[in-house]
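Student: pasting a predicted model and its sequence here:
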Amino acid sequence: DTGVSQDPRHKITKRGQNVTFRCDPISEHNRLYWYRQTLGQGPEFLTYFQNEAQLEKSRLLSDRFSAERPKGSFSTLEIQRTEQGDSAMYLCASSLGQGRGGRDIQYFGAGTRLSVL
Amino acid sequence: SQQGEEDPQALSIQEGENATMNCSYKTSINNLQWYRQNSGRGLVHLILIRSNEREKHSGRLRVTLDTSKKSSSLLITASRAADTASYFCATAGILQGGSEKLVFGKGTKLTVNP
């Protein structure tokens, strides 16, 4: 399977614990995105990497959230001191990076569903 | 905040019928995209229509765009049970480096009954 891979698929944690999710993009894609989706809503943009550089972060990404893409390949999203409001589906997407104007389709992984008890 | 608003929120039809979903947005756009999401899964890109296009086809999908009304529609013809999913429209906000962040609506939940 050469699509976007996310791990784990499901995570249940207690409030206050730290969690880390991993995303492996499509191998030749240099752009990587994280989105968050709550029940009944569309995904919302969190952050974006071009190669290893984190170029943009949404104001949704509080200080408890950190994302890395150390070698420009896989990425991790860590949430510290989880809260019940963090319960959501966390989606990763990647794109080839062929410029702007809609020539750069984003391909999504299956997501990590986080439940904070 | 979400840019697009899909209508209806939910749609239930019989297999073989056509399904039409609408999307309205607020700001000017370079392009508009439609995605499908099966329950609990990631999103699958269906079709992209640029702001200078009025209609686009892909298999059983037909998308229209009316920039004067800031609206788009997705038509699925001859629906199948496998088309059951949520459908989202997405507009694009420009990011540093030339990429785009997708801004999604709340989606239309389509159920196709066999």
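Tutor: Structure's in. What do you need? Residues are numbered from 1 along each chain as shown, chains lettered A, B, ... in the order given.

Student: show me the strands in chain B, by range?
Tutor: B:5-7, B:10-14, B:19-24, B:31-37, B:43-50, B:55-58, B:61-66, B:71-76, B:85-94, B:100-104, B:108-113 (DSSP state E).

Student: just chain A next, same as before
Tutor: Counting by DSSP E, the strands of chain A are A:5-7, A:10-13, A:19-24, A:31-37, A:44-50, A:53-57, A:65-68, A:75-79, A:88-95, A:107-108, A:112-116.

Student: need the strands of chain B in JSON lines (columns: mean pLDDT and mean neighbour count).
Tutor: All C-beta spots, glycine's among them, are computed from the backbone N, C-alpha and C. Below are the strands of chain B laid out as JSON lines (pLDDT from 0 to 100; neighbours: other Cβ atoms under 10 Å in any protein chain shown):
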{"stretch": "strand B:5-7", "mean pLDDT": "83", "mean neighbour count": "19"}
{"stretch": "strand B:10-14", "mean pLDDT": "96", "mean neighbour count": "13"}
{"stretch": "strand B:19-24", "mean pLDDT": "95", "mean neighbour count": "20"}
{"stretch": "strand B:31-37", "mean pLDDT": "94", "mean neighbour count": "23"}
{"stretch": "strand B:43-50", "mean pLDDT": "94", "mean neighbour count": "18"}
{"stretch": "strand B:55-58", "mean pLDDT": "96", "mean neighbour count": "12"}
{"stretch": "strand B:61-66", "mean pLDDT": "97", "mean neighbour count": "18"}
{"stretch": "strand B:71-76", "mean pLDDT": "97", "mean neighbour count": "20"}
{"stretch": "strand B:85-94", "mean pLDDT": "89", "mean neighbour count": "23"}
{"stretch": "strand B:100-104", "mean pLDDT": "87", "mean neighbour count": "24"}
{"stretch": "strand B:108-113", "mean pLDDT": "96", "mean neighbour count": "18"}
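
Student: now render those as JSON lines, adding distance to chain A.
Tutor: Output for the strands of chain B, formatted as JSON lines (distance: least, Cβ to the nearest Cβ, whole Å):
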{"stretch": "strand B:5-7", "distance to chain A": "8"}
{"stretch": "strand B:10-14", "distance to chain A": "11"}
{"stretch": "strand B:19-24", "distance to chain A": "11"}
{"stretch": "strand B:31-37", "distance to chain A": "4"}
{"stretch": "strand B:43-50", "distance to chain A": "4"}
{"stretch": "strand B:55-58", "distance to chain A": "12"}
{"stretch": "strand B:61-66", "distance to chain A": "12"}
{"stretch": "strand B:71-76", "distance to chain A": "14"}
{"stretch": "strand B:85-94", "distance to chain A": "5"}
{"stretch": "strand B:100-104", "distance to chain A": "3"}
{"stretch": "strand B:108-113", "distance to chain A": "9"}
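
Student: tell me which of those strands lies nearest to residue A:14.
Tutor: Residue A:14 sits nearest to strand B:31-37 of all those, at 28.5 Å, using Cβ to Cβ.

Student: now the closest one against strand B:61-66, angle please.
Tutor: 140 degrees (axes from the mean of the first three to the mean of the last three Cα atoms, to 10 degrees).

Student: from the rest of the structure, what touches strand B:31-37?
Tutor: A:101-102, A:105, A:108, B:4, B:23, B:25, B:43-51, B:61, B:63, B:65, B:72, B:74, B:85-92, B:102, B:104, B:107 (Cβ atoms under 8 Å, 6 or more residues apart in numbering or on different chains).

Student: no more questions from me, cheers.
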